[in-house]
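# just a sequence and a predicted model for now, questions to come.
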Amino acid sequence: MPDSMSAAIASLDWSSTPLGDRASWPQSLRTTVDIMVASRFAMCACWGPELTLIYNDAYAPILGARHPLALGRPLAQAWPEIWGDIEPLIQQTLAGESVSVEDMHLVMTRHGYEEDTWWSFAYNPLRDDDGEIVGFLDICTDSTAKVLNERRLETESALLRESESRLRALINATSDVVYRVSPDWQEMRQLDGVELLADADDRTVRWIDALVPEEARPMVLAEIERAIATRSAFELEHPIRRADGTTGWTWSRAVPLLDEQGAIVEWFGTASDVTGEHVSRAALAASKEKLELATRAARMGQFDYWPQTGRLEWDDRCRALFGLSPGVPVSYEGAFVAGLHPDDRRSATSAVVAALDPEGSRLFDTEYRTIGIEDGIERHIHAQGIAMFDGELPVRLIGTVQDVTADRRAQATLRETEERLRLAVRATNDAIWDWDLVRDHVQWNDALETAYGHPLATVEPSGAWWIEHIHPDDRARIYASIHAVIDGNGNDWTSEYRFRRADGRHADIKDRGYVIRDAAGVAIRMVGAMLDQTDRKEAERAFQQAQARLEETVEERTRERDQIWRSTPDLLCVATLDGWFRELNPAWQETLGWTEQELTARSFLSLVHAEDIAATRAELARLPRDETIFGFESRYCAKNGNYVWLNWNMVSRGGLIYAVVRDVTQAHEQAQALARAEEQLRQSQKMEAVGQLTGGIAHDFNNMLTGVIGSLELLSRAMASGKTERIGRYIDAATTSAQRAAGLTQRLLAFSRRQSLDVRAVDVNQAISGMEDILRRTLGEEIALDIRLAADAWNATSDANQLESALLNLAINGRDAMPHGGRLAIESGNMLIGEDGNHGFDQLEPGEYVVVRVSDTGTGMSEEVMARAFDPFFTTKPIGQGTGLGLSMIYGFMRQIGGHVQLSSRPGEGSTVSLFLRRHHGRPDDAEARAAPPEPIGRGECVMVVEDDVAVRMLVVDVLEGLGYDVIQAADGREAVAILETVPPLKLLVTDVGLPGVNGRQVAEFAREKLPGLKTLFVTGYAENAAVRSTFLDEGMDMITKPFAIDELSMKACAMIEGVSPRPL
């Protein structure tokens, strides 16, 4: 749905409505709609013969669920339920008259149900461009809330007037005094029901002096001050001057009326005549004192409740039962009701109400629990009292309360104990019996029926029935043992016998009984329990039978074990943890030739081959940690002097080694023979690969050498003849051919994984962006280059130059696959390979990777071509256009840096090569500044150059001498070591890595022993241990790769001699 009515009007297909397409609307309608949409008041326009509805944002909520479907529909369809109410007004408007209505009642069905609403609106005629009335504009306001508020206010006002009338009638009817005083109690503003009070000349000002006796005024004024200070109710019983001149007593209570800010506006209160009650209390004082003494002795509390005034009096004992401190003020709601347990509150207050009912017994007798108001302790209370009446009017409820907590808890504990005993008796499978020895009456629990099948209703309750059901062979013994305890002085009896079940079978019983005696020691009762141990007895019998069978089996198995021990070809033994044999089977002597006595007289570690002794001790050290060792192999000296390979499976128990050992010498010999055969096969395959390599690159390398040699010959002829105009051309041709040869060499080294790599953190996005120009020139105009780089791509672990070379190779392959043009896409992104193995990349270890994808829209590859795509020298290009080393080089490079390459393609659908590079958490180094070749800056510093190739050595020496350095030359490693014996004052050692005999790394190490910290620059075409620079170079070392630029050699040498460290690896 559009965000606003302006958008909704613009998007609606008006051609399907009576108004037609918006483009055909008259200007008057457009203007009306524009004004209406811009307005913040609820408005709608109805136009045309069907009064088609158009409305603005403020009007949309009025429609409820009909919005937005009502837009563009006839008004009668949009509002069918109120059409009958508004149609006359609409016709009046269409006749040319403006109509205004206020608070019109309309019953609407906007949300699926009817609702009463009130509306104020104005209908104004709308004219077309010719001045004809064609519709009307409705400006409306929902006045429902206003109407309902007015009605509510009117109702509340009527109720308030009625309430005031009732209050006035109540005041006139009551015998109490009703009064209103000022906030400071100085001014009496109203005083009704004055028959109680004496006349006063000026009640409005000096009412306290006139109505309150002098001795009571301090008490009254103190209560007034407290009530004002706390803005709480004034409550006080105090003396008052009566109308007949005597002094009476009144119970006065007033509450403050507060304004919105909480300030007291005035006090409203009542005063009751309690003179009679006061006199009664005085008369009861003496009797109460006596009662106090009595209840205190009985640990009872006393209460006195005056229901007509709400006054409640407790003694301190009663307060304590409700968890209150002595002397704390109490009230019916604030102390009695508040202190009752929530579960007993209803019953306790109901008992009070019932006692105060003149129709009832007028007695108060109940129990309830209290929750201490101050101490939180739960108590059980028994309360008793009697209500006093004045005619039918209850005036007092007096009585006592007693703490029965201990009694109730004891009763609860007893009931709980009895219930547990009852449940235990019912739940147990033991037959519990209770024998009344005086009446010879036996009572059984349910287990006699559930466990033994005897229905209790049919069991004769006598001792004779019990004895008769004991097995005849046990009966006399049991009868005698029971009576020995009963007739003697014993109490405890225990015996075992067989008891007949209802089905005739006998159960094995263990019976325990206890004799209860009277004060004279005569046995009067005996109770006990029959434990059915039939299953245990049968299990014991079965166990005894199984034990007998087991002994037979063990004996048989022992014979079998002894036979296996003697006849097995495996070597079995028991030894101590330090290698001394305890037991050996005969196979040891058969295998090693040593007798059992010879073997047990020495530690078997003395027989272990010297090269295996450390590993053997390490394995034995694992055994005390309760580790089991499987398949450990080592060599042991036989008696004939030969060594035998033994495979050990060992476990440690109780400080001893238990081992099963197997002679695997033959398997080792077979494995060595197989390894030799495999090595011969690999050598054969290597020679075949060398043949393929030679044949595969011969054509390209011969072309390149022809270019170099031919250009140099032409250069020589031109210089001899003095024709110098073509010298530059010949030099460029030779340089180009040499660079092509160097590139082929780099590819071969990358393929063989012998090329020196400078592995570090690489910003993949920066590397790709920096290649964009050369990529576009390489691809040509017919191929579009699409580079999409992830903004959050991580840094990768790679060699920046080799990565750029790989990408250029892939771009050239993509270009050649799109001879008629197409699109080449290069993307970067991140990928997390999880541990679960469900990622679909079997060649990748779990971890974080940066992924670079190169995709083309070219011819694609078949499954057969894809299977060989990474094979060296395999190419689908015509002869002379490809060496077949490009993808092989990329594959070798990716494996070298710990990454992976993946190829996907379909014929006719293009190809995608994905490079997976491990994430590097470091930051890329800044690109090395490409400065101009340095001027000679040497000051005669001594440099040694070690190079076996005469031409290369001459080149390096000339460059260094041209920079101002003194150069010592050596043709190989041995010559260099001999020179270094004299310890010349070298500043730099420049050495080839792949020297014959003593290699360059060994020369550098020897030189550093003589000259610690000597800077060393390695020069390599390839070096077996220098494939990855970071694992080959130490501090103060650097490396350049042949063929190298003269400028590169100059800058490296100057930087190292002048004390600038090579960039970190």
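Perfect, I can see it now.
# would you map out the domains in this protein?
Listed by automatic domain parsing, the domain ranges of the chain are 5-142, 174-273, 277-368+392-407, 428-532, 568-663, 678-742, 753-918, 942-1057.
# want to throw the ones you listed into CSV with mean pLDDT?
Shown next, in CSV, are the domains of the chain (pLDDT from 0 to 100):
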stretch, mean pLDDT
domain 5-142, 92
domain 174-273, 81
domain 277-368+392-407, 85
domain 428-532, 89
domain 568-663, 89
domain 678-742, 65
domain 753-918, 83
domain 942-1057, 85
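# need those in a markdown table (columns: mean neighbour count and distance to Glu154).
C-beta: built from backbone N, CA, C; applies to glycine. Formatted as a markdown table, the domains of the chain follow (neighbours: other Cβ atoms under 10 Å; distance: least, Cβ to Cβ, whole Å):
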| stretch | mean neighbour count | distance to Glu154 |
| --- | --- | --- |
| domain 5-142 | 16 | 14 |
| domain 174-273 | 15 | 23 |
| domain 277-368+392-407 | 16 | 36 |
| domain 428-532 | 15 | 76 |
| domain 568-663 | 15 | 93 |
| domain 678-742 | 13 | 104 |
| domain 753-918 | 17 | 68 |
| domain 942-1057 | 18 | 93 |
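# nearest to Glu150, of those?
Of all the domains of the chain, domain 5-142 sits nearest to Glu150, with 9.0 Å by Cβ to Cβ.
# what's the first-to-last distance across that closest one?
Taking Cα to Cα, to the nearest Å, domain 5-142 runs 20 Å from one end to the other.
# what distance do you get for the residue of the chain positioned farthest from its centre to Ala320?
Distance from the C-alpha centroid of the chain peaks at Ser721, with 86.4 Å (Cα atoms, centre = their mean). In this view, Ser721 and Ala320 are 136 Å apart by Cβ to Cβ, to the nearest Å.
# repeat for Asp856
Distance, Asp856 to Ala320, by Cβ to Cβ: 97 Å.
# please apply the same query to Thr665.
97 Å.
# out of everything not next to it in sequence, what's closest to the residue positioned nearest the centre of the chain?
By Cα atoms, centre = their mean, the chain has its centre lying nearest to Gly834, at 18.9 Å. Residue nearest to Gly834 in three dimensions, not counting chain neighbours: Pro846, with 6.0 Å by Cβ to Cβ, 6 or more residues apart in numbering.
# now swap in Leu456 and tell me
Excluding the flanking residues, the one nearest Leu456 by Cβ to Cβ, 6+ apart is Glu449, at 5.5 Å.
# and what of Gly770?
Excluding the flanking residues, the one nearest Gly770 by Cβ to Cβ, 6+ apart is Glu804, at 7.8 Å.
# how about the one you found, secondary structure?
Classification of Glu804 by DSSP: H, G, I helix; E, B strand; the rest coil places it in helix.
# run through the residues that contact it.
Taking Cβ atoms under 8 Å, 6 or more residues apart in numbering, we find Glu804 in contact with 767, 770-771.
# from Arg500, how far out is it?
As judged by Cβ to Cβ, Glu804 and Arg500 stand 102 Å apart.
# just Ser769 next, same as before
From Ser769 to Arg500 the distance is 102 Å (Cβ to Cβ).
# and what of Asp612?
Taking Cβ to Cβ, one finds Asp612 at 76 Å from Arg500.
# just Pro1043 next, same as before
112 Å.
# cool, and Ser855?
Counting by Cβ to Cβ, the gap from Ser855 to Arg500 is 94 Å.
# same deal with Ala145?
The spacing between Ala145 and Arg500, counted by Cβ to Cβ, is 91 Å.
# quickly list what Trp251 is bridged to.
Beta bridges link Trp251 to Glu237, Ser272 when assigned by DSSP bridges.
# surely it and Thr309 touch.
Yes - judged on Cβ atoms under 8 Å, Trp251 makes contact with Thr309 at a distance of 4.8 Å.
# give the residues shared as contacts by those two.
In contact with both Trp251 and Thr309: 272, 274, using Cβ under 8 Å, 6+ apart.
# how close does the residue nearest to Gly770 get to Val644?
For Glu804, the distance to Val644 - Cβ to Cβ - is 58 Å.
# now Asp966
On the measure of Cβ to Cβ, Asp966 and Val644 end up 64 Å apart.
# which ones are touching the residue lying closest to Leu51 once chain neighbours are set aside?
Using Cβ to Cβ, 6+ apart and skipping the chain neighbours, the partner closest in space to Leu51 is Leu75 (4.3 Å). Taking Cβ under 8 Å, 6+ apart as the criterion, Leu75 is in contact with 46, 50-53, 83, 90.
# in helices, which of these fall?
83, 90 (DSSP state H).
# just give me the closest of the contacts of Leu75 to Trp466.
Of all the contacts of Leu75, Trp466 sits closest to Trp83, with 98.1 Å by Cβ to Cβ.
# ok, for that closest one, nearest residue in space, not its chain neighbours?
Per Cβ to Cβ, 6+ apart, closest to Trp83 is Ala76, 5.0 Å.
# shouldn't that neighbour be within a helix?
Yes - counting by three-state DSSP, Ala76 is part of a helix.
# quick check: it vs Cys46, distance?
Distance of Ala76 to Cys46, computed by Cβ to Cβ: 10 Å.
# now His278
As judged by Cβ to Cβ, His278 and Cys46 stand 83 Å apart.
# swap in Glu150?
From Glu150 over to Cys46 the distance is 30 Å, taken as Cβ to Cβ.
# then Arg409?
Arg409 sits 83 Å away from Cys46, going by Cβ to Cβ.
# try Val660
Using Cβ to Cβ, we find Val660 at a distance of 103 Å from Cys46.
# isn't Val608 right next to Thr616, touching?
Yes - using Cβ under 8 Å as the test, Val608 is close enough to Thr616 to be in contact (5.1 Å).
# can you pull out the strands in the stretch 301-450 of the chain?
With DSSP state E, counting those that start in this stretch as the criterion, the stretch 301-450 of the chain has strands at 311-314, 363-371, 378-390, 393-403, 431-436, 441-444.
# which neighbouring elements make contact with the third one?
Based on contacts counted as 3 or more Cβ pairs under 8 Å, 6 or more residues apart in numbering; DSSP states H and E, the elements that strand 378-390 packs against are helix 345-355, strand 363-371, strand 393-403, helix 405-427.
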